[in-house]
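**Q** The following block contains a protein sequence and its predicted model.
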Protein chains: 2
Amino acid sequence: MTKIQPGGTIGILGGGQLGRMIALAAANLGYKCHIFCPEENSPAFHVAYTHTVADYTDQDALKAFAESVDVITYEFENIPAETAEFVAKIKPLRPGVQALSLTQDRLTEKEFLNDAGVQTAPFMAFETEEELLAAYKKIGHPAVAKTRRFGYDGKGQAMVKSKLDFDDVLAVTKGTPAILEGFVQFDREVSVIVARSVSGDVAAFPVGENVHTNHILDTTTIPANVSERLEATAKVMATKVANALDYVGVMAVEMFVNDDSGEIVVNEIAPRVHNSGHWTIEGAETSQFEQHVRAICDLPLGQTAARGKVLMKNLLGKDILEHEKYLDDPKASYHHYGKQEPREGRKMGHVTWVDSE
Amino acid sequence: MTKIQPGGTIGILGGGQLGRMIALAAANLGYKCHIFCPEENSPAFHVAYTHTVADYTDQDALKAFAESVDVITYEFENIPAETAEFVAKIKPLRPGVQALSLTQDRLTEKEFLNDAGVQTAPFMAFETEEELLAAYKKIGHPAVAKTRRFGYDGKGQAMVKSKLDFDDVLAVTKGTPAILEGFVQFDREVSVIVARSVSGDVAAFPVGENVHTNHILDTTTIPANVSERLEATAKVMATKVANALDYVGVMAVEMFVNDDSGEIVVNEIAPRVHNSGHWTIEGAETSQFEQHVRAICDLPLGQTAARGKVLMKNLLGKDILEHEKYLDDPKASYHHYGKQEPREGRKMGHVTWVDSE
């Protein structure tokens, strides 16, 4: 049975703000959510039917979790592949194991993207200093060294401007598998949030333009400042990726755009709802969270048009305490993730402005 | 301390779909909810931080509940007045005890409304057959007999077309305090959802027009088919009522409109978010649920303009099973309250269509 009717139960691996917003969207459609997360008092627990606090390697807990739900999804791509494989034997896992394992490794991800006919920056794998040198010679410089696994928000990365940076690089990669990536000269970063359903329907949201500060997303603006042709190309690329993966659910495809050359390359893909899609909650006809629920439950996908010009801004750390400013603003929609400690750089909430005029 | 900052905890007495939708709106703003309800597996439990299953007379449970939250509200006006008084001594109860006790009794409610300068149908209290006869002589006929307390969705009511109906009336009222109400010749029923904050700011949503079937709300349409003057009058009446009660939170004021005479009288008030305000979730700049949270937490009230023409339709009993029809409709927003059994006449969900063109 591929369709999960409203009233059914969705299992979510991961209990952060993405799981929380999936659970809120699921509740509107009558689904119950069971959250599985190793951390006590996770944000998604506060809005879910039930939760399990256990390690991702705890097979007894995973089995009980999987047996209690109708379909399983994840809000976070660093779920161990073994965990995904284990639960996928008990209940449908959407997106599937392949999407997760592929995107956990920058090398397999980039190889897959190129095979799917989608351009990326040039790249080459390395582990040792010798291999780094070989990659440096092939890729040129400047370049960026990145660990193959478990990097996010700029962690596990180092710039390579010359051979003098090799020591710094190896201090970051610590001899683990890594890649050296050619530095892409880009003017803007954009992302496409795309959904694909069990039956293969695909719907892409309008392209958003992202600005990062200290490697963390600061704002997303709709529409992106790109030509109509580029907007269409970006959506086609995201659709190709989703189809090539036989993907089910919402996925984010981040891309770099060079204005002069009109070149557009995929930077990375995230097999989940994504921070750069938060604008859709108020700004699009369907939110990325409801769209994800529709896709994984095999309901018809919703409409994706923007309701106007949209700006989404992340609230990091103590930004969240300025809520008066946003709650007083009649055009602002304020979101607070229910986290207690406003640690520096922590994603605490976001604000969205929709200008429909 | 009147202001409850995002991150605080809201206690909700009652665990039905209204409590559920308050909890969902509260979560968006970062509030945790603690639901108190005597029924196991209540719809609001599924989306709340925590819940207590206990009777409304269980003072130990009420005390622990009240001490665990920052502010208390209710989703349902038949909470015993003693319960409200008990918890209000521990934490702020918003709306307050007066709003609850007043609206639990049709006699005190109507007397209050007339004192506040708001017109109602003529009415007279009765208990015995003799008093019913006296009321019948004064009010005239047709008239409607209603028990003073615990009536909703047409329960505890009987039509009086002649003295021949007295036996039926007394079978319904069973000697309990009741009122006989003059039958109002009306062309349409409308309602105003109005919010008043701790600091006395008032904001009314556009007037909705309600159609009932078998005494249960079927649809609400925005705008109501009334003149601009009547729309303004209805909002002024609702504002008068909220101010006279020194009310805090969202309240619904139901009114009858006579097109020919332009007469408008208040039928009843509900000291809570209301089914006829569900259209605001997608159809207004702020939903009634977020507005209620803003009001009781002493945040600024949100904007209330409609986003276009709106139609809200209740899904009763097995209507909820037709979800394909609504999920396939790109203009429809489908809401399912997570209730298991689609019993006849039970409010299971609703659908909203917004036409912004």
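**A** Perfect, thanks for sending it. The structure displayed is predicted, hence computed values, not measured ones.

**Q** Show me where chain A dips below the pLDDT cut-off.
**A** Along chain A, the parts satisfying pLDDT under 70 run over A:1, A:151-154.

**Q** now do 80
**A** Counting by pLDDT under 80, chain A has low-confidence residues at A:1, A:150-155, A:357.

**Q** and it, which of its residues are near chain B?
**A** Proximity of chain A to chain B (Cβ under 8 Å from any Cβ of the partner chain) is limited to residues A:5-7, A:20, A:23-24, A:27-32, A:45-49, A:285, A:294, A:299-300, A:302-303, A:320, A:323, A:327-328, A:330, A:334-338, A:340, A:349, A:356. To be clear about C-beta, it is placed using only N, CA and C from the backbone, and glycine gets the same treatment.

**Q** For PyMOL, write a command that selects the buried ones of those.
**A** In PyMOL, this line selects whichever of these come out buried by 16 or more other Cβ atoms under 10 Å in any protein chain shown:
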select buried, chain A and resi 5+6+7+20+23+24+27+28+29+30+31+32+45+46+47+48+49+285+294+299+302+320+323+327+334+335+336+337+338+349
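
**Q** element containing the residue in the stretch 51-200 of chain A positioned nearest to chain B?
**A** The nearest approach of the stretch 51-200 of chain A to chain B comes at residue A:51, 10.9 Å away (Cβ to the nearest Cβ). Take DSSP states H and E as the rule and residue A:51 turns out to sit in strand A:50-53.

**Q** who does that strand touch, helix- and strand-wise?
**A** When contacts are defined as 3 or more Cβ pairs under 8 Å, 6 or more residues apart in numbering or on different chains; DSSP states H and E, strand A:50-53 sits against strand A:32-37, helix A:59-67.

**Q** Report the separation between the residue of the stretch 1-150 of chain A found nearest chain B and residue B:179.
**A** When scored by Cβ to the nearest Cβ, the stretch 1-150 of chain A has residue A:30 as its residue closest to chain B, at 2.5 Å. Applying Cβ to Cβ, to the nearest Å, the value for residue A:30 to residue B:179 is 39 Å.

**Q** Spit out the contact partners of residue A:272.
**A** A:18, A:74-77, A:95, A:249-252, A:292 (Cβ atoms under 8 Å, 6 or more residues apart in numbering or on different chains).

**Q** and the gap between it and residue A:91?
**A** Counting by Cβ to Cβ - residue A:272 and residue A:91 are separated by 18 Å.

**Q** With residue A:261 instead?
**A** Counting by Cβ to Cβ, the gap from residue A:261 to residue A:91 is 46 Å.

**Q** Which one's more surrounded, these two?
**A** Ranked by neighbour count (other Cβ atoms under 10 Å in any protein chain shown), residue A:261 and residue A:91 place residue A:91 first, with 18 against 10.

**Q** Contact partners for the nearest residue to the more buried one once chain neighbours are set aside?
**A** In this structure, residue A:91 finds its nearest non-sequential neighbour in residue A:66, 4.9 Å apart by Cβ to Cβ, 6 or more residues apart in numbering or on different chains. The contact partners of residue A:66, taken as Cβ under 8 Å, 6+ apart, are A:11, A:72, A:86-87, A:90-91.

**Q** So residue A:90: helix, strand or coil?
**A** Classification of residue A:90 by DSSP: H, G, I helix; E, B strand; the rest coil places it in coil.

**Q** For it, list the residues it contacts.
**A** A:63, A:66-67.

**Q** rewinding a little: top of the contacts of residue A:272 by neighbour count?
**A** Counting neighbours by other Cβ under 10 Å, residue A:250 comes out on top of those with 33 neighbours.

**Q** that older thread, dump the contacts of residue A:272 to JSON lines, plus secondary structure.
**A** Listed next are the contacts of residue A:272 as JSON lines, based on three-state DSSP:
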{"residue": "A:18", "secondary structure": "helix"}
{"residue": "A:74", "secondary structure": "strand"}
{"residue": "A:75", "secondary structure": "coil"}
{"residue": "A:76", "secondary structure": "coil"}
{"residue": "A:77", "secondary structure": "coil"}
{"residue": "A:95", "secondary structure": "coil"}
{"residue": "A:249", "secondary structure": "strand"}
{"residue": "A:250", "secondary structure": "strand"}
{"residue": "A:251", "secondary structure": "strand"}
{"residue": "A:252", "secondary structure": "strand"}
{"residue": "A:292", "secondary structure": "helix"}
